[in-house]
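Enquirer: next input, structure requested:
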Amino acid sequence: MTAAEPTSTPTAPPVAAAGPVFRTAGAADVPALVALVESAYRGESSRAGWTTEAHLLEGQRTDEAAVAELLGRPDSVVLLVEGDDGGPVACCHVERRGTAAYFGMFSVSPAAQGGGLGRRVLARAEEWARVEWGATAMEMTVIEQRPDLIAWYERRGFARTGEFEPFPYGDERFGVPLRTDLRFAKLAKQLAGPPAQRVH
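Expert: Here you go, the predicted model:
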């Protein structure tokens with residue numbers, strides 16, 4: 001008898017890393033969403049990430065009443081990404097406005113920034129708007145004094161429209177401004193491609 005030929009163990013193909021887990025937010029998520037948004041934009045904790053507005057505004061970025069109101073609107077959804085503890089590590093608000101969709105309340109935990117999660121949240125928001133509502137464009141407003149953030153959106157296909165909206169000075173629900181020239185620049189992006197399948 002001849003010795004058996006050695007056999008090689010087949011190598012399994014590499015397994016792609018699991019993507020973020022998205023779901024739509026509900027009323028029970030409101031307190032955690034507020035904490036996430038505040039951590040990304042306000043106070044010392046926000047300075048650990050690049051989305052901070054602490055150099056422009058003090059006070060709150062949002063509150064529970066405002067987030068609950070977004071959840072209660074028709075044609076309005078808050079998408080969130082769950083962390084290992086079940087709480088949100090990223091979120092955004094998407095609202096249908098005619099043939100376009102509005103994108104706002106975009107927040108990524110400072111500890112989760114820099115790894116591409118923000119790009120995936122934006123892509124999911126665009127997919128939702130296109131597939132669920134047949135939107136042909138995505139619109140948003142960004143504080144004009146955030147050129148780094150505007151440039152980030154421009155690299156992802158958004159463009160300035162040349163339109164501006166005033167900052168709500170005197171309404172501390174939106175924060176306490178540290179300068180007198182704040183205003184919002186409007187950005188827009190065309191959403192290409194026919195709807196494929198529903199997101200949920």
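
Enquirer: residue ranges with poor pLDDT in the chain?
Expert: For the chain, the stretches with pLDDT under 70 are 1-18, 43-51, 193-200.

Enquirer: next one: stretch 29-46 to chain centre, how far?
Expert: Averaging C-alpha positions (Cα atoms, centre = their mean, to the nearest Å) puts stretch 29-46 13 Å from its chain's average.

Enquirer: same question, stretch 70-83
Expert: 11 Å.

Enquirer: what's the answer for stretch 114-123, then?
Expert: In terms of Cα atoms, centre = their mean, the centre of stretch 114-123 is set 8 Å apart from its chain centre.

Enquirer: span of stretch 82-96 from start to end?
Expert: Start-to-end span of stretch 82-96 (Cα to Cα, to the nearest Å) is 24 Å.

Enquirer: what's in contact with that stretch?
Expert: Around stretch 82-96, the neighbours that count as contacts under Cβ atoms under 8 Å, 6 or more residues apart in numbering are 20-21, 23, 25, 29, 32-33, 36-37, 70, 73, 75-81, 101-109, 111-112, 117-118, 121-122, 125, 128-129, 133, 135. Backbone N, C-alpha and C define where each C-beta goes, glycine included.

Enquirer: can you do 6 Å?
Expert: 21, 32-33, 36, 70, 75-81, 101-109, 112, 117, 121, 125, 128-129, 133 (Cβ atoms under 6 Å, 6 or more residues apart in numbering).

Enquirer: again, but for stretch 167-174
Expert: So stretch 167-174 is contacted by 59, 182-183 (Cβ under 6 Å, 6+ apart).

Enquirer: just the ones of those in strands?
Expert: Of the contacts of stretch 167-174, the ones assigned to strands by DSSP state E are Arg183.

Enquirer: any idea how far the helix ranked longest in the chain is from the chain center?
Expert: Identified as the longest helix of the chain according to DSSP state H is helix 117-133. Its chain's C-alpha centre and that of helix 117-133 lie 9 Å apart, by Cα atoms, centre = their mean.

Enquirer: so what touches that helix?
Expert: So helix 117-133 is contacted by 20, 22, 90, 92, 94, 96, 101, 103, 108, 135, 138, 191, 195, 198-199 (Cβ under 6 Å, 6+ apart).

Enquirer: try 8 Å this time
Expert: For helix 117-133, the external contacting residues (Cβ under 8 Å, 6+ apart) are 19-20, 22, 75, 77, 79, 81, 89-92, 94, 96, 101, 103, 106, 108, 135-136, 138, 152, 156, 189, 191, 193, 195-199.

Enquirer: secondary structure element for the residue sitting nearest the centre point of the chain?
Expert: Closest residue to the average C-alpha location of the chain: Phe106 at 3.1 Å, with Cα atoms, centre = their mean. Applying DSSP states H and E as the criterion places Phe106 in strand 100-108.

Enquirer: neighbouring contacts of that strand?
Expert: Here strand 100-108 has contacts from 36-37, 39-41, 49, 51, 62, 67, 70, 78, 89-95, 117-118, 121-122, 125, 128-129, 133, 135-141, 188, 191, using Cβ under 8 Å, 6+ apart.

Enquirer: distance from the chain centre to it, please.
Expert: A distance of 6 Å separates the centroid of the chain from that of strand 100-108, by Cα atoms, centre = their mean.
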